[in-house]
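Asks: pasting the structure only:
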């Protein structure tokens, strides 16, 4: 940051009145809203404002003069976020004025012609503007989201909307149905319907990317000596071979039984869970009581 | 939209001053609802008025003239931009 005295063009010995005058003089010349076409005005105005901020305050000026603070701390953003000129170029605000050029616009010269053409284009654009997009939410059962389905939404304004749900659709995904939105105000095409998918949870399946996760309860016997059990997949049951000596937490992979998308198919990951009988079982109790596990069988030996 | 209370706070204005500014049509809030509503543009305009009055020593009479000329200048800039755009468009179409 430059020397604030230099920025304002005053001597180090300037009186507060001289500083105020110098600042006003520069502000009148440099204020961005008085120079709407000057891209650098904001930068220069900021510099001048910061300089004024620093040396118009007697306390800050004293500290600056004594070297206690330097000029860099004074560069703060202008009090307002944005200047008026950034809004004034828009249309349809209450401060719009045609009084500065109305005579040109009515004439027969090139300016009037160009202006007429541009306004016609704008009208034409308005005429051909598409209708608004309409937003809907659709609850989809888990299996329909995985396998795909056709659903019908009943619209609040009457009528129905058929939604083709692609297989593998994800929770939160938005489907765009072209031309199913609001009709255009003019002659343009209707807008689109945007349907946000909300996937309902499933009783035992969950989804992780393109894989389906399932926890499969098995008996102690199945866990110990293995066996074939029926495991549900999203497209029906399949026979699954449980290896001997399976434990809770062991995970078996059913290749290609996950979510099918254009990327390919995920897998189903079956996590085994050994479940003891709920009812008392004297036979099992007496059998296990008579069994002495070998010393090598210590599941807690790592602890 | 900004309500009047927030507008006064963000523009660092008191109600009486704002009343004068609205009465002079320097600020034109949306009065379609029972409570006046303001835009970010109104806020930027209020800041400009503040700058003109307090940092540049413009008095109320002068302010009226300046705001009117600034509005005209923006109207003119917009018309010029539109004319240039249609000239550019016409150029590519021809």
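Replies: Arrived safely, thanks for sending. What you see is a predicted model; the values in this text were computed from it and never measured.
Asks: And the helices in the chain?
Replies: Because you didn't say which chain, this covers chain A. Applying DSSP state H to chain A gives helices spanning A:4-8, A:16-30, A:41-55, A:58-65, A:85-88, A:102-106, A:110-128, A:142-147, A:220-225, A:282-289.
Asks: I was thinking of chain B, sorry if that wasn't clear
Replies: B:4-11, B:15-23, B:40-50, B:60-93.
Asks: deepest of those, which one?
Replies: helix B:40-50 (a mean of 22; mean count of other Cβ atoms under 10 Å in any protein chain shown). Glycine gets a C-beta too; all of them are placed from N, C-alpha and C.
Asks: what's it packed up against?
Replies: Other helices and strands packing on helix B:40-50, by 3 or more Cβ pairs under 8 Å, 6 or more residues apart in numbering or on different chains; DSSP states H and E, are helix A:85-88, strand B:2-3, helix B:4-11, helix B:15-23, helix B:60-93.
Asks: Give me the residues contacting the first one.
Replies: Here helix A:85-88 makes contact (Cβ atoms under 8 Å, 6 or more residues apart in numbering or on different chains) with A:32-33, A:36, A:93, A:95, B:39-41, B:44-45, B:70-71, B:74.
Asks: Now it: buried residues?
Replies: A:85, A:86, A:87, A:88 (16 or more other Cβ atoms under 10 Å in any protein chain shown).
Asks: so what pLDDT did the last one get?
Replies: By that I understand residue A:88. The confidence metric pLDDT takes the value 88 at residue A:88.
Asks: How far off centre is stretch A:231-249?
Replies: Stretch A:231-249 has its C-alpha centroid displaced from the chain centroid by 38 Å (Cα atoms, centre = their mean, to the nearest Å).
Asks: got a list of what the residue nearest to residue B:7 when sequence neighbours are not counted touches?
Replies: Distances taken as Cβ to Cβ, 6 or more residues apart in numbering or on different chains put residue B:38 closest to residue B:7, at 4.4 Å, once the chain neighbours are dropped. Residue B:38 is in contact with B:1, B:2, B:3, B:4, B:7, B:27, B:29, B:30, counting by Cβ under 8 Å, 6+ apart.
Asks: Identify the residues contacting the first one.
Replies: It refers to residue B:1. By Cβ under 8 Å, 6+ apart, the neighbours of residue B:1 are B:30, B:37, B:38, B:39.
Asks: can I get the contacts of helix A:85-88 in CSV with distance to residue A:176?
Replies: Conversion of the contacts of helix A:85-88 to CSV gives the following (distance: Cβ to Cβ, whole Å):
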residue, distance to residue A:176
A:32, 41
A:33, 42
A:36, 40
A:93, 33
A:95, 38
B:39, 32
B:40, 31
B:41, 33
B:44, 37
B:45, 39
B:70, 44
B:71, 42
B:74, 38
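Asks: Can you tell me which of the residues you listed lies closest to residue A:13?
Replies: Nearest to residue A:13 out of the contacts of helix A:85-88 is residue A:32 (Cβ to Cβ; 31.0 Å).
Asks: where does chain B dip in pLDDT?
Replies: Low-confidence segments of chain B, defined by pLDDT under 70: B:90-94.
Asks: what about the residue nearest the centre of it, distance to residue A:138?
Replies: Most central in chain B under Cα atoms, centre = their mean is residue B:45, positioned 4.0 Å from the mean C-alpha point. In this view, residue B:45 and residue A:138 are 45 Å apart by Cβ to Cβ, to the nearest Å.
Asks: in chain A, what secondary structure element scores lowest on mean pLDDT?
Replies: helix A:102-106 (a mean of 82; mean pLDDT, DSSP states H and E).
Asks: between the helices of chain B, which gets nearest to residue A:211?
Replies: Nearest to residue A:211, of the helices of chain B and by Cβ to Cβ, is helix B:40-50 at 47.9 Å.
Asks: quick check: angle from that closest one to helix B:15-23?
Replies: Interaxial angle, helix B:40-50 versus helix B:15-23 (axes from the mean of the first three to the mean of the last three Cα atoms, to 10 degrees): 110 degrees.
Asks: picking that back up, tabulate the buried residues of helix A:85-88 (JSON lines), appending distance to residue A:99.
Replies: JSON lines is the format used below for the buried residues of helix A:85-88 (distance: Cβ to Cβ, whole Å):
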{"residue": "A:85", "distance to residue A:99": "18"}
{"residue": "A:86", "distance to residue A:99": "22"}
{"residue": "A:87", "distance to residue A:99": "19"}
{"residue": "A:88", "distance to residue A:99": "15"}
